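**Q** let me see the structure of the following:
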Amino acid sequence: MRIVIYPSGHGFGHATRDIELLNAIGRKRADARLIMRTGALPPFIRAGVETPFDFQIADTDTGVAQVDSLEVDEEATVRRAGAFYHDFDRRVDAEAAVLRHLRASVVVGDVPPLAFAAAARAGVPSVALGNFTWDWIYAVYPLFDELAPDVLPTIRHAYAAATVALRLPLHGGFEPMQHVVEDVPLIARSARAGRAEARRRLGIAGPETVVLASFGRYGAQLPYAAIARESRFTILLTEHEAPAGTDWTGHARILWVSEARLAETGLRYPDLVAAADVVVSKPGYGIVSECIANGTSLLYTSRGRFAEYELFVREMPAMLRCRHLSQDDLRGGRWADAIEALLRQEAPRFRVDTRGADVAADRILASAGNGA
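**A** As a prediction, the model looks like this:
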C-alpha cells in the first residue's frame, strides 16, 4: 500500500496536522509506504514524525503571499497563483506521471488542487483533508477577476475530482466537493511531556506566567526585549520569532529555545504550547488546534484580509479561552493588560474532540483498500 500525501506549502498548519495523520496511519498499518510531497519541511516539524516516510520536494501550490505573519500581499498572491495555474494542465500531467511511477494506492491532499487533478488523471482515488479550500480563500481578493480570472474556475474544477473530502472543524469553502464531504474531528498535536514536565525541562520555576510568541513560518518583527523589560511574565521564543545570533544576555524574562535545545530536551513545539499559560499569535489552524489540545489560552491579533480569520474569531470562543489584541498594541508591546484579562476569563466548558487523526486515517486506509 502506497499513500501519497500533499500538504499545502502555505504556513506550518497543513504540514503539522499531516504529520499527525502520518503517525496515525503508521500505527494502524506499519506496512504502508508513506510519501509526502510538498515544499521544504522544517526540522521541528520532521521531529514529530514517529513512523517511516519518504519526503519529496514538490511545487504543489502557491498559497497566500505574506509580508509577514500579520500582513497579506494581495497582488503578489494573485500574480503567483496566476503564474502557477497558467500551465496547470502541464503540471497535472507531470504529477500524474509521478503517481503512476510511485504506484500510489491513494492520494491525500491538504488541500492543493493539483493533488486531486493529478490523482484523477492517474486513475487513483483521492481524499481531501482540510478546514478550508483555496477557492474560498482567494474569492475575497477582487484582483483575481482583473489579473487572473481563470484561477478560481481551474481550482474548483480540480477540487471536484476528489473522491472523498474530510472536513475538519473551523471550516470554510468545500462547495466544489460538497457531494463527497464527511466531517471529522479536530486533528491537533498534543504535548508528549505534559505541562509540568515541559516546564521542568525548560527550567521554568514555580508558578510564573509564561507567554509563548508564535508567528509561524513568516514571523513578525516585535520588540521582545522592550516587552520583557516592562512585563511581569516570561516570554518564550523560538528561532522562528528570534533567529540564532540574537544576544538575550541580561533579559531575565526572555527564554529563548533553539532547535538544538528542543532536541536536547526531547521536546516538540506542542510541549512549548503546553508549558505556556498564554500563546500570542495570529489565529490559524495549527496554533489554534494546539492551544485547544493542550489547554493553553490564546491572545490573538488580526492577520490582514484572510477569509479564515473572521471564521476563527466567530467560532474560537466556544473551543478555548481567547482574547483579541490589536496590531497596534501587539507591535507596541502593550500586552500585559490583555494577558491579565485573558487569564481571568472563564474557560469554555465544551470539550473538543481531538481524535481527528485516527478517524481520518481509518477513512484513508479504507479508500486505499477498496478504491473508494
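**Q** for P112, report the pLDDT, please.
**A** Listed pLDDT for P112 reads 98.
**Q** can you name the next helix or strand after the helix or strand bottoming out on mean pLDDT in the chain?
**A** Here the helix or strand of the chain ranked lowest by mean pLDDT, DSSP states H and E is helix 43-46, holding a mean of 75. Per DSSP states H and E, the first helix or strand lying C-terminal to helix 43-46 is strand 54-57.
**Q** rewinding a little: contact partners of the least confident helix or strand of the chain?
**A** 12, 15-16, 19, 55, 238, 259, 262, 268-269 (C-beta atoms under 8 Å, 6 or more residues apart in numbering). All C-beta spots, glycine's among them, are computed from the backbone N, C-alpha and C.
**Q** once you drop chain neighbours, what's closest to P169?
**A** Of all residues not flanking P169 in the chain, L186 sits nearest, at 5.2 Å (C-beta to C-beta, 6 or more residues apart in numbering).
**Q** how many neighbours does the one you found have?
**A** 22 (other C-beta atoms under 10 Å).
**Q** just L267 next, same as before
**A** By the criterion of other C-beta under 10 Å, L267 has 22 neighbours.
**Q** okay, and it sits in which element?
**A** With DSSP H and E as the test, L267 turns up in no helix or strand.
**Q** what sits against it?
**A** Residues near L267 by C-beta under 8 Å, 6+ apart: 192-193, 198, 201-202.
**Q** quick one, which of the residues you listed are buried?
**A** Buried residues within these, counting neighbours by 16 or more other C-beta atoms under 10 Å: 193, 198, 201-202.
**Q** in strands only, show me the contacts of helix 43-46.
**A** Those of the contacts of helix 43-46 mapping onto strands are 55, 238, per DSSP state E.
**Q** where is pLDDT lowest across the contacts of helix 43-46?
**A** Lowest confidence among the contacts of helix 43-46: F12, with 78.
**Q** that one and A40 touch, don't they?
**A** No: the pair F12 / A40 is not scored as a contact, 11.0 Å apart, by C-beta atoms under 8 Å.
**Q** between the two, which one's more packed in?
**A** Neighbours were counted for F12 and for A40 using other C-beta under 10 Å; F12 has more, 22 against 10.
**Q** any idea how far that one is from D183?
**A** F12 is 24 Å from D183, where distance means C-beta to C-beta, to the nearest Å.
**Q** what of L343?
**A** In terms of C-beta to C-beta, L343 sits 32 Å off from D183.
**Q** looking at these two, which is more packed in?
**A** L343 (15 against 12).
**Q** ok, now which ones touch the more buried one?
**A** 209, 277-278, 297.
**Q** recalculate using a threshold of 7 Å.
**A** 277-278, 297 (C-beta atoms under 7 Å, 6 or more residues apart in numbering).
**Q** what about it, distance to G295?
**A** Distance from L343 to G295, by C-beta to C-beta: 13 Å.
**Q** cool, and A366?
**A** Counting by C-beta to C-beta - A366 and G295 are separated by 32 Å.
**Q** remind me which helix or strand the closest residue to T265 other than its chain neighbours belongs to.
**A** Nearest non-adjacent residue to T265, counting by C-beta to C-beta, 6+ apart: R201, 4.3 Å away. Using DSSP H and E, R201 falls within helix 195-202.
**Q** dump the residue contacts of W256.
**A** Taking C-beta under 7 Å, 6+ apart as the contact definition, W256 lies against 237, 242, 248.
**Q** picking up where we left off before, now, of the contacts of helix 43-46, which are buried?
**A** Using 16+ other C-beta under 10 Å, the buried ones in the contacts of helix 43-46 are 12, 15-16, 19, 238, 262, 268-269.
**Q** which one of these is nearest P176?
**A** Checking these against P176 with C-beta to C-beta, the nearest one is A15 at 23.2 Å.
**Q** what sits against the closest residue to the closest one other than its chain neighbours?
**A** Sequence neighbours aside, P7 is the residue nearest to A15 in space, at 4.5 Å (criterion: C-beta to C-beta, 6+ apart). By C-beta under 7 Å, 6+ apart, the contact list for P7 reads 14-15, 18, 36, 38, 110.
**Q** CSV for those residues, including distance to A158?
**A** Below are the contacts of P7 laid out as CSV (distance: C-beta to C-beta, whole Å):
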residue, distance to A158
H14, 17
A15, 20
D18, 19
M36, 20
T38, 17
D110, 14
